[in-house]
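Engineer: my questions concern the predicted model and sequence given below.
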Amino acid sequence: MASLDSALIRAENLWKIYKLEKTEVKALQGVSFTVRPNEFLAIMGPSGSGKSTLMNLIGCLDTPSEGEYYLKGKLVSSMSENELAHVRNIEIGFVFQVFNLLPRATAFRNVELPLIYKGMKKREREVKVKQALEMVEMGPRMNHRPPELSGGERQRVAIARALVNEPSILLADEPTGNLDSKTGAEILSLFSKLHARGNTIIIVTHDKDVASQAERIIHLLDGRIDREERKGG
């Protein structure tokens with residue numbers, strides 16, 4: 001495990017228990033791991049393994065029933081609502097299977113929105129949006145609207161939107177799930193390029209071909225870490 005000082009993420013004994021009317025569902029049972037800056041990690045498991053629950057905890061969209069989750073050395077459960085909102089808006093860039101783009105807004109405008117919410121001045125926004133779109137090779141298509149773009153192009157715009165605030169972590173949930181195999185391979189190649197540029201990337205997936213792009217894979221089964229593997233051994 002990475003030391004506390006070097007870990008971007010440190011999860012210790014995370015449990016998530018959902019209480020239903022007559023029963024409890026233990027979605028996570030004592031999960032512990034760390035993520036280093038500039039690591040490319042895949043969290044893999046079948047349906048019901050707990051990977052979506054874990055993704056929600058990593059993204060500060062939910063809180064654990066037990067255990068501690070540290071992000072950049074700070075205990076997430078001690079954060080105020082404003083601090084959590086900052087983390088979700090600035091520290092973590094989310095990429096989902098469904099692109100979540102505004103259909104009537106251009107690619108440029110879709111990527112610009114997080115910076116508008118942040119209160120950034122127009123001239124600075126324009127520079128950052130163009131940089132983000134060029135990073136995902138969508139500069140020439142920045143004035144097109146989502147209906148005018150292919151699925152792969154829309155996912156590239158969604159990735160640019162996730163990158164525009166220069167987050168500490170790019171968190172992707174089944175990012176190729178709605179794409180054909182060729183386009184999915186192109187998006188995975190893009191993630192590898194972003195990783196080479198210094199981005200920390202966590203992909204949550206059930207697909208072994210997607211997970212194989214990462215340096216390290218955490219395999220979840222029945223809410224527990226079943227095993228870990230690293231590329232090359």
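Structural biologist: Noted; the coordinates are in hand. Numbers count the residues shown, from 1 in each chain.

Engineer: please count neighbours and contacts with C-alpha atoms only from this point.
Structural biologist: Will do.

Engineer: tell me the bridge partners for the residue positioned nearest the centre of the chain.
Structural biologist: In the chain, the residue lying closest to the centroid (C-alpha atoms, centre = their mean) is Leu171, at 0.7 Å. Using DSSP bridges, the bridge partners assigned to Leu171 are Phe94, Ile202.

Engineer: hey, where'd the strands end up in this structure?
Structural biologist: Using DSSP state E, the strands of the chain run over 9-19, 24-35, 40-44, 66-71, 74-75, 92-95, 169-173, 200-205, 216-221, 224-230.

Engineer: looking at those strands, spot the one closest to Arg154.
Structural biologist: Of all the strands of the chain, strand 92-95 sits nearest to Arg154, with 11.2 Å by C-alpha to C-alpha.

Engineer: quick one: contacts of the closest one?
Structural biologist: Residues from elsewhere that reach strand 92-95, judged by C-alpha atoms under 8 Å, 6 or more residues apart in numbering: 59, 158-159, 161-163, 165, 167-173, 175.

Engineer: buried only: go through the residues you listed for me.
Structural biologist: 59, 158-159, 161-163, 165, 167-173, 175 (16 or more other C-alpha atoms under 10 Å).

Engineer: ok so, going back, could you redo the strands of the chain as TSV and give each row distance to Val127 and mean pLDDT?
Structural biologist: Output for the strands of the chain, formatted as TSV (distance: least, C-alpha to C-alpha, whole Å; pLDDT from 0 to 100):
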stretch	distance to Val127	mean pLDDT
strand 9-19	30	96
strand 24-35	30	96
strand 40-44	27	96
strand 66-71	29	96
strand 74-75	31	94
strand 92-95	19	94
strand 169-173	21	95
strand 200-205	22	95
strand 216-221	34	96
strand 224-230	37	95
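
Engineer: quick one: which of the ones you listed is nearest Gly50?
Structural biologist: strand 24-35 (5.2 Å).

Engineer: quick check: angle from the closest one to strand 169-173?
Structural biologist: 140 degrees (axes from the mean of the first three to the mean of the last three C-alpha atoms, to 10 degrees).

Engineer: now do strand 24-35: distance to the chain's middle.
Structural biologist: 18 Å (C-alpha atoms, centre = their mean, to the nearest Å).

Engineer: hang on, the earlier thing: just put the strands of the chain in a markdown table and tack on distance to Met55.
Structural biologist: Listed next are the strands of the chain as a markdown table, based on distance: least, C-alpha to C-alpha, whole Å:
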| stretch | distance to Met55 |
| --- | --- |
| strand 9-19 | 12 |
| strand 24-35 | 11 |
| strand 40-44 | 9 |
| strand 66-71 | 12 |
| strand 74-75 | 17 |
| strand 92-95 | 10 |
| strand 169-173 | 8 |
| strand 200-205 | 7 |
| strand 216-221 | 12 |
| strand 224-230 | 14 |
